[in-house]
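>>> Quick one, fold the following:
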Amino acid sequence: MFYRTRLTSKLGKVIVVVRQVNLANISGGILINKDDILSKSRKENKDKDLYKIEVQTKAGNIGSITAIFLATLFFVIQSLTGQGFDFGLYAIIFSVSAAGFIFKAVRMKHRLDIVLALIFTLTTLTLSVVHILNLLNHN
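Prediction:
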């Protein structure tokens, strides 16, 4: 009984492999060489360099994080030195994220992107109004 199971499973694998090879040879469209795959990929991606796009995206993210860090540093220094609060810095920072989420929401139409676009846009508008009111009150 042990030999039958072992022989059947080995025989089954061989049959499956042979059938797959024969199916590939019969249908003609399953076996594709590397050049065909690359040319189809270039057509689908319209000759865009996906690695370059990924690097640009990560660079933008790092730039945004750096801007947030600097805005926070300037905000804290300004408030500790008794010069008030500059909400304009954060209005600028939030406007960058708002624009990004608006773009994604329009293109992708995902609910989360739409919600985040609304939140960041409202935050940008609120911070801008507060900043302008602070400027008007100091003069």
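
>>> residue nearest the centroid of this structure?
Centroid check for the chain by CA atoms, centre = their mean gives Thr57 as the closest residue, at 7.4 Å.

>>> Tell me how many other residues crowd Ser95.
The criterion is other CB atoms under 10 Å. On that basis, Ser95 has 17 neighbouring residues. Bear in mind the C-beta positions are built from the backbone N, C-alpha and C, glycine included.

>>> host element of the residue nearest to it when sequence neighbours are not counted?
Excluding the flanking residues, the one nearest Ser95 by CB to CB, 6 or more residues apart in numbering is Thr124, at 4.6 Å. Applying DSSP states H and E as the criterion places Thr124 in helix 111-138.

>>> still on that earlier bit, may I have the predicted confidence score for the residue nearest to Ser95?
Note for Thr124: predicted pLDDT of 96.

>>> From Val55, how far off is it?
From Thr124 across to Val55, the span is 27 Å (CB to CB, to the nearest Å).

>>> do the same with Leu89
Using CB to CB, Leu89 is found at 28 Å from Val55.

>>> if you count what's nearby, which of these two comes out ahead?
Leu89 (20 against 11).

>>> quick one: the helices in this protein?
Ranges of helices in the chain, per DSSP state H, are 2-27, 34-44, 50-80, 87-108, 111-138.

>>> what's the longest one packed up against?
Okay, so that is helix 50-80. Contact here means 3 or more CB pairs under 8 Å, 6 or more residues apart in numbering; DSSP states H and E; on that basis helix 50-80 packs against helix 87-108.
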